[in-house]
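S.K.: Sequence first, predicted model second:
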Amino acid sequence: MVDADARKAIIRLSRAAKSWSQEICHVGKPRTDFDRVVRKRAGSASTWPAWPTRSCTPSYIVLLHSVSSESHLVWDICGYDTQPCRADNTSRHAIHIMVNQARRRQAPSKANGVTQIATNKAEAAEHNTTRKSSPLRDVLKALYFLLLAGGIYYYYTRTTGRQDYIQPSIEDDAFLAPVRVVKLPEKGMGVVALRDIPQGELVLRERPLFVVPNKVSMSPGALLLSSLATLTPAKRASFYNLSYVNIREDLEPGTDTYNEELALAIFQTNAVSAATRGVGIFPHMARLNHGCSSAFNAVYTWRDDEGVLVVHTLKPVKAGEELLTTYTDTKQPRHIRRQFLREHYGFDCQCSVCALSDDLSALSDKRLKSMTELYARFSNWQHHSISGKEAATAAVSIWRLGDEEGYWSERGQLAADVVHVAAAHSDALAAREWARLARRWFSYELGADSAQARAMERIAAQPPMHAAWGTRHRETVGAPEPWMLASG
């Protein structure tokens, strides 16, 4: 920990070349030599202050002095420990002492002529030797000041909570497609394509800043602050630059309670599920704004085996077009979607779907409601309430409504579910065709290298390899309709 005196010493040292007549008397010597030089130049004094008790000896020492008008020699001593101090060690990194100049150089007298001259020459030679510079000494000096500056910055950011961080250049890190993070009118930051991006292209591959387990035994705010403390300044800045809502207005900035509530608000606004690992923060992905139903054109997925989050384009994106994902299940009616987004994210959605006229919005809501009902009907197959053929027919109807609405999400999983149905009823033709369709859409949504896409490729080659093969009575389920193969 660096205290106020240390910071003052650094300021004095940085200004010394301009404002003081300075002399680097001693650099890089061990403590014993340090004491010897100081005592020799300042004169022996029984009241010489004891060196502060520390866990280790200073490795680099710089002495800076000037002679005041009162003939006092002022020594500024700044030491740095190569071994880090413990958290409970509050020993100062800099001390300022003033001692009377007990020995002043006098002109050689006749009484001790030769002896005095020899002594002065020896002292001058020693003095010049200590002033000689070397590349190693210059490197150590530069490293010394860099470490001190870094320590002060770390101390400042750790004790004052959130600061006015500089916006990091996040588009140059995890984004793989040519996109740019820009400020959009009335929307804040957003991601815009710099060229046409085809359907299914990998846009982002990002590891979390940190992951919070699903079950914690301490205060969420305190846990977040401890996680943030382990990050680099740039990564910590990327967290604090994210938007947030629902923070108490009665809290005083800079207090422990405020810092915890601030971290919690940012986390709750931007966190994304990391499956079995918990919930993570992904600053790059967080720059993707929301769109409902047909408005969003990109989807994100957590890959648990790799520990990364990936984003692919669900639809082709034109140059200059904003990439949008979805924050919730957008098969809900407009008023329910808007209410959810207002409460959890603090904005009134004005995407292309929510901005429709009331008549067109009502038609959109009707299609989305029908899709939800058909999904519920399809799920009845597992309860033996409908046949395999009826389940496949429901899937085809969902696909058709999705085309009408422009809602293309979840198609890979829908087709894969029909593969399960066809395999259970031992319909090899249906299983093969639905598996090919599922692989295609999994490649768009999750990536061609995803586990889901690879699994469907294997089933398309050998339908009986499916785990559900033959678990129900034999039935002709039916393949996808031809228009579905060209859809999307």
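M.R.: Ah, there it is. Numbering: from 1, shown residues only.
S.K.: What are the contacting residues of the strand or helix carrying Val310?
M.R.: For Val310, the host element (DSSP states H and E) is strand 308-313. Contact with strand 308-313 is made by 177, 197-208, 272, 274, 280, 282, 285, 288, 297-303, 323, 325, 444-447, as judged by CB atoms under 8 Å, 6 or more residues apart in numbering. C-beta coordinates here come from the backbone N, C-alpha and C atoms, glycine included.
S.K.: average pLDDT across the helix or strand following it?
M.R.: Using DSSP H and E, the helix or strand that follows strand 308-313 in sequence is strand 324-325. In this model, strand 324-325 carries a mean pLDDT of 98.
S.K.: Kindly report the same for stretch 189-206.
M.R.: What stretch 189-206 shows for mean pLDDT is 96.
S.K.: Can you show me the CA trace of it as PDB?
M.R.: Only the C-alpha atoms of stretch 189-206 are listed here, as PDB (Å, rounded to 0.1, in the frame of the first residue of the first chain):
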ATOM      1  CA  MET A 189     -23.500   1.700 -27.900                       C
ATOM      2  CA  GLY A 190     -24.200  -0.900 -30.600                       C
ATOM      3  CA  VAL A 191     -22.400  -3.200 -33.100                       C
ATOM      4  CA  VAL A 192     -22.600  -2.300 -36.800                       C
ATOM      5  CA  ALA A 193     -21.400  -4.500 -39.700                       C
ATOM      6  CA  LEU A 194     -18.600  -3.000 -41.900                       C
ATOM      7  CA  ARG A 195     -19.300  -5.300 -44.800                       C
ATOM      8  CA  ASP A 196     -22.000  -7.700 -45.800                       C
ATOM      9  CA  ILE A 197     -22.000 -10.700 -43.400                       C
ATOM     10  CA  PRO A 198     -23.500 -13.900 -44.700                       C
ATOM     11  CA  GLN A 199     -25.800 -16.100 -42.700                       C
ATOM     12  CA  GLY A 200     -24.100 -18.300 -40.200                       C
ATOM     13  CA  GLU A 201     -20.800 -16.500 -39.900                       C
ATOM     14  CA  LEU A 202     -19.000 -16.500 -36.600                       C
ATOM     15  CA  VAL A 203     -19.000 -12.900 -35.300                       C
ATOM     16  CA  LEU A 204     -17.800 -13.300 -31.800                       C
ATOM     17  CA  ARG A 205     -15.900 -15.800 -29.700                       C
ATOM     18  CA  GLU A 206     -15.400 -14.600 -26.100                       C
END
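S.K.: That one: which residues count as buried?
M.R.: Buried positions in stretch 189-206, judged by neighbour count with 16 or more other CB atoms under 10 Å: 189-193, 197, 199-206.
S.K.: Quick one: mean pLDDT for the helix or strand hosting Ala431?
M.R.: Taking DSSP H and E as the definition, Ala431 sits inside helix 428-445. Across helix 428-445, the average pLDDT comes to 98.
S.K.: Show me the contact partners of that helix.
M.R.: For helix 428-445, the external contacting residues (CB under 8 Å, 6+ apart) are 199-200, 299, 301, 312-314, 392, 409-413, 415-416, 418-419, 422-423, 450, 452-453, 456-457, 459-460, 463-464, 466, 476-480, 484-485, 488.
S.K.: between it and strand 308-313, how many degrees?
M.R.: Interaxial angle, helix 428-445 versus strand 308-313 (axes from the mean of the first three to the mean of the last three CA atoms, to 10 degrees): 100 degrees.
S.K.: Which members of the buried residues of stretch 189-206 occur in helices, if any?
M.R.: Applying DSSP state H to the buried residues of stretch 189-206, no entry is found in helices.
S.K.: Switch those residues over to a markdown table; also include distance to Ala263.
M.R.: Formatted as a markdown table, the buried residues of stretch 189-206 follow (distance: CB to CB, whole Å):
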| residue | distance to Ala263 |
| --- | --- |
| Met189 | 20 |
| Gly190 | 24 |
| Val191 | 24 |
| Val192 | 29 |
| Ala193 | 32 |
| Ile197 | 34 |
| Gln199 | 37 |
| Gly200 | 36 |
| Glu201 | 34 |
| Leu202 | 31 |
| Val203 | 28 |
| Leu204 | 24 |
| Arg205 | 26 |
| Glu206 | 20 |
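S.K.: wait, which of those is closest to Ala229?
M.R.: Ranked by distance to Ala229 (CB to CB), the buried residues of stretch 189-206 are led by Glu206 at 21.3 Å.
S.K.: ok now do the closest one, which residues does it touch?
M.R.: 174, 282, 284-285, 308-310.
S.K.: Tabulate those residues in a markdown table, adding columns for neighbour count, distance to Gly388 and pLDDT.
M.R.: Putting the contacts of Glu206 into a markdown table (neighbours: other CB atoms under 10 Å; distance: CB to CB, whole Å; pLDDT from 0 to 100) gives the following:
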| residue | neighbour count | distance to Gly388 | pLDDT |
| --- | --- | --- | --- |
| Ala174 | 19 | 43 | 73 |
| Phe282 | 25 | 39 | 97 |
| His284 | 22 | 43 | 95 |
| Met285 | 23 | 38 | 95 |
| Val308 | 17 | 37 | 95 |
| Leu309 | 22 | 35 | 96 |
| Val310 | 23 | 33 | 96 |
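S.K.: Many thanks, we can stop here.
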